[in-house]
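**Student:** what follows is a predicted structure for the sequence shown.
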Amino acid sequence: MDVAFNKNEDIHKLQLTDLKKRLLQTYKGGGIDRIEKQHLAGKLTARERIDYLFDKSSKSIEIGALAGNDMYHAQGGCPSGGVVVKIGYIKNKLCIVVANDATVKAGAWFPITGKKNLRAQEIAMENRLPIIYLVDSAGVFLPMQDEIFPDKENFGRIFRNNAIMSSMGITQISAVMGSCVAGGAYLPIMSDESLIVEKTGSIFLAGSYLVKAAIGESIDNETLGGAISQTELSGVIDYKAKDDKDALDKIKTIVDKIGAYDKAGFNRVKPIKPTEKENEILGILPSVRNQPYNMLDIIKRLVDNSDIEEYKKDYGKTLICGYARIDGWAVGIIANQRKIVKNAKGEMQFGGVIYSDSADKAARFIANCNQKKVPLVFLQDVTGFMVGSKSEHGGIIKDGAKMVNAVSNSVVPKFTIIIGNSYGAGNYAMCGKAYDPRFIVAWPSAQLAVMGGAQAAQVLLQIEVASLKKQGKKITKENEAELLDKIESNYKMQSSPYYAAARLWTDAVINPLDTRQWISTGIEAANHAPIEKKFNLGVFQV
């Protein structure tokens with residue numbers, strides 16, 4: 001391999017080391033001391049509970065592992081959003097599990113906790129997946145109650161979703177494995193079946209202190225809402241378990257008896273590994289963001305047998321569209337081509353930019369995939385749509401809107417992988433978070449922003465300088481340089497894939513070599529939900 005390949009590989013390996021360090025720190029939750037405290041109370045941690053629940057040696061993926069990271073510093077932080085969400089196999093059935101992490105503020109709900117729980121429920125509803133809640137939470141984090149309680153996408157939406165999922169026939173199972181108080185008590189009871197662990201589990205609308213304050217009754221929490229009270233007296237809970245493992249074993253037994261699901265019918269054959277070496281992705285992807293490369297070299301290391309059948313290969317060359325297979329599943333791939341190419345007129349087209357012909361091609365390809373019931377995979381490395389008088393007069397807005405319309409109305413499942421740049425309207429057209437991808441993940445090399453850092457910094461600098469001059473302040477070249485450095489640093493932080501993952505703009509930051517597993521698991525999950533809508537672009541200028 002050449003020097004550039006080795007340099008790229010070294011830099012991307014360093015990024016992967018950074019990702020691993022961040023994840024390992026996140027996996028510690030509230031810290032070693034609190035984990036030990038949980039063990040001394042006879043309880044497993046959230047991650048230990050999930051590991052015990054999943055089939056041994058089976059694969060799983062984690063949603064929002066980095067949610068909440070580097071947020072809520074004044075409140076002591078909220079690693080992983082205080083809740084662990086994983087998709088994996090229980091008794092050979094694909095399920096999604098939501099487990100409160102009681103080592104993080106006793107499992108209290110921060111704003112990001114609510115957002116992550118709603119994301120888990122969204123995945124369950126979109127894919128008709130059984131969902132298991134492992135409840136161990138002190139309830140809403142009261143100092144931030146105004147950000148978690150009253151709005152549409154806040155705490156109460158979870159119970160609304162419980163009811164909707166029940167009407168959809170989606171299996172919901174809850175295990176009360178610690179505290180379960182106030183409004184949170186509705187979640188287990190709105191599930192199909194519920195369990196409670198003796199001595200460590202309790203569930204009530206108001207704990208003993210609040211009961212004393214409200215009505216003057218003196219009572220301990222165990223008598224008020226422990227396992228015996230809620231299974232033998234109230235009948236609120238269905239099953240009683242002697243410890244965590246007993247409760248998890250009972251869940252396995254329940255899941256084991258769930259009947260077969262109706263399939264969407266996505267095409268799958270026996271998987272074949274790529275013939276090109278997958279780990280070469282790290283050397284092919286440039287470490288310099290604006291450097292061109294051939295996206296086909298990346299695709300051939302992601303798809304079965306390294307084989308892709310390109311659609312309109314010689315038209316709209318800044319977007320690659322084509323049929324392929326990933327882990328046996330048939331997929332339609334739409335990827336930004338980062339090479340500098342010539343169009344049919346011999347004009348130069350710059351990599352990462354979407355031109356009119358490319359947008360037109362993509363819209364047609366999306367329609368074809370919907371007609372054939374082929375899931376879509378978007379590989380993003382996009383700087384936006386082409387600008388300038390020639391593009392405007394050629395109808396770039398119309399063609400771009402045509403592509404956005406097709407993405408918006410697509411009924412087959414969509415999966416988005418942010419490889420490099422994800423800027424502005426390019427993010428939208430290439431199925432950004434606002435366009436309902438079933439999963440959206442980023443590689444450590446990704447960057448999400450309204451525009452490139454250098455351009456944005458110059459614009460922001462001009463605004464800031466103009467504002468200071470209006471205040472009568474004199475701005476020297478040194479002042480401008482300091483301002484620019486500050487703006488660039490802040491913009492770089494906000495466009496980082498970790499900034500996005502912390503806020504759940506993406507589901508995860510992943511190792512590029514895990515991309516095939518994420519897409520395969522996503523399509524398997526989507527196959528649980530038959531497509532009920534027809535693809536229709538509505539009234540539009542085609």
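**Tutor:** The structure has been received and is ready for your questions.
**Student:** so which residues of the stretch 151-300 of the chain form helices?
**Tutor:** Ranges of helices in the stretch 151-300 of the chain, per DSSP state H, counting those that start in this stretch, are 156-168, 186-189, 208-215, 221-225, 227-228, 244-256, 281-284, 295-299.
**Student:** with mean neighbour count added, can I get those helices in JSON lines?
**Tutor:** Every C-beta, even on glycine, is put in place using the N, C-alpha and C of the backbone. Converted to JSON lines, these look like this (neighbours: other CB atoms under 10 Å):
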{"stretch": "helix 156-168", "mean neighbour count": "16"}
{"stretch": "helix 186-189", "mean neighbour count": "21"}
{"stretch": "helix 208-215", "mean neighbour count": "12"}
{"stretch": "helix 221-225", "mean neighbour count": "19"}
{"stretch": "helix 227-228", "mean neighbour count": "18"}
{"stretch": "helix 244-256", "mean neighbour count": "18"}
{"stretch": "helix 281-284", "mean neighbour count": "22"}
{"stretch": "helix 295-299", "mean neighbour count": "21"}
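**Student:** for residue 530, which of these is the nearest?
**Tutor:** Residue 530 sits nearest to helix 156-168 of all the helices of the stretch 151-300 of the chain, at 12.1 Å, using CB to CB.
**Student:** may I have the closest one as PDB, with CA atoms only?
**Tutor:** What follows is helix 156-168 as a C-alpha-only set of coordinates in PDB (Å, rounded to 0.1, in the frame of the first residue of the first chain):
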ATOM      1  CA  GLY A 156     -45.900  11.200  29.500                       C
ATOM      2  CA  ARG A 157     -45.400  10.200  25.800                       C
ATOM      3  CA  ILE A 158     -44.000   6.900  27.000                       C
ATOM      4  CA  PHE A 159     -47.200   5.800  28.600                       C
ATOM      5  CA  ARG A 160     -49.100   6.900  25.500                       C
ATOM      6  CA  ASN A 161     -46.800   4.700  23.500                       C
ATOM      7  CA  ASN A 162     -47.400   1.800  25.900                       C
ATOM      8  CA  ALA A 163     -51.100   2.000  25.000                       C
ATOM      9  CA  ILE A 164     -50.500   2.400  21.200                       C
ATOM     10  CA  MET A 165     -48.100  -0.600  21.200                       C
ATOM     11  CA  SER A 166     -50.700  -2.700  23.000                       C
ATOM     12  CA  SER A 167     -53.300  -1.900  20.400                       C
ATOM     13  CA  MET A 168     -50.700  -2.800  17.700                       C
END
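**Student:** wait, isn't residue 365 in contact with residue 309?
**Tutor:** No: in this structure residue 365 lies outside contact range of residue 309 using CB atoms under 8 Å: 11.5 Å.
**Student:** in the stretch 1-150 of the chain, where is pLDDT below threshold?
**Tutor:** Along the stretch 1-150 of the chain, the model assigns pLDDT under 70 to residues 1.
**Student:** again with the stretch 351-500 of the chain
**Tutor:** For the stretch 351-500 of the chain, the stretches with pLDDT under 70 are 453, 457.
**Student:** could I get the full set of strands for it?
**Tutor:** With strands called from DSSP state E, counting those that start in this stretch, the stretch 351-500 of the chain shows them at 353-354, 376-382, 384-385, 414-423, 439-442, 447-449.
**Student:** quick one: buried residues of stretch 41-53?
**Tutor:** The neighbour-count check on stretch 41-53 (16 or more other CB atoms under 10 Å) flags 43, 44, 45, 46, 47, 48, 49, 50, 53 as buried.
**Student:** just to revisit the earlier point, right, so of the strands of the stretch 351-500 of the chain, which gets closest to residue 276?
**Tutor:** Using CB to CB and comparing those, the one that lies nearest residue 276 is strand 376-382, at 15.5 Å.
**Student:** in that closest one, which residues are buried?
**Tutor:** Residues of strand 376-382 classed as buried under the neighbour-count rule (16+ other CB under 10 Å) are 376, 377, 378, 379, 380, 381, 382.
**Student:** excluding its backbone neighbours, what's nearest residue 188?
**Tutor:** Residue nearest to residue 188 in three dimensions, not counting chain neighbours: residue 174, with 3.6 Å by CB to CB, 6 or more residues apart in numbering.
**Student:** for residue 38, see how far away that neighbour is.
**Tutor:** To residue 38, residue 174 is 19 Å away according to CB to CB, to the nearest Å.
**Student:** kindly report the same for residue 121.
**Tutor:** Between residue 121 and residue 38 the distance is 25 Å, computed by CB to CB.
**Student:** check residue 80 too.
**Tutor:** Applying CB to CB, the value for residue 80 to residue 38 is 15 Å.
**Student:** out of the two, which sits in the busier spot?
**Tutor:** Each of residue 80 and residue 38 has its neighbours counted (other CB atoms under 10 Å); residue 80 has more, 27 against 22.
**Student:** residues near residue 315, how many?
**Tutor:** Using other CB under 10 Å, residue 315 is surrounded by 15 other residues.
**Student:** what does residue 233 give?
**Tutor:** Around residue 233 sit 10 other residues, with neighbours defined as other CB under 10 Å.
**Student:** and the strands in the stretch 101-250 of the chain?
**Tutor:** Counting by DSSP E, counting those that start in this stretch, residue ranges of the strands within the stretch 101-250 of the chain are 131-137, 172-181, 193-197, 202-204, 239-241.
**Student:** on that earlier part again, residue 365 and residue 309: who's more crowded?
**Tutor:** Set side by side, residue 365 and residue 309 give different neighbour counts by other CB under 10 Å, the larger being at residue 365 (25 against 10).
**Student:** once you drop chain neighbours, what's closest to that one?
**Tutor:** Using CB to CB, 6+ apart, the nearest residue to residue 365 is residue 321, at 4.0 Å.
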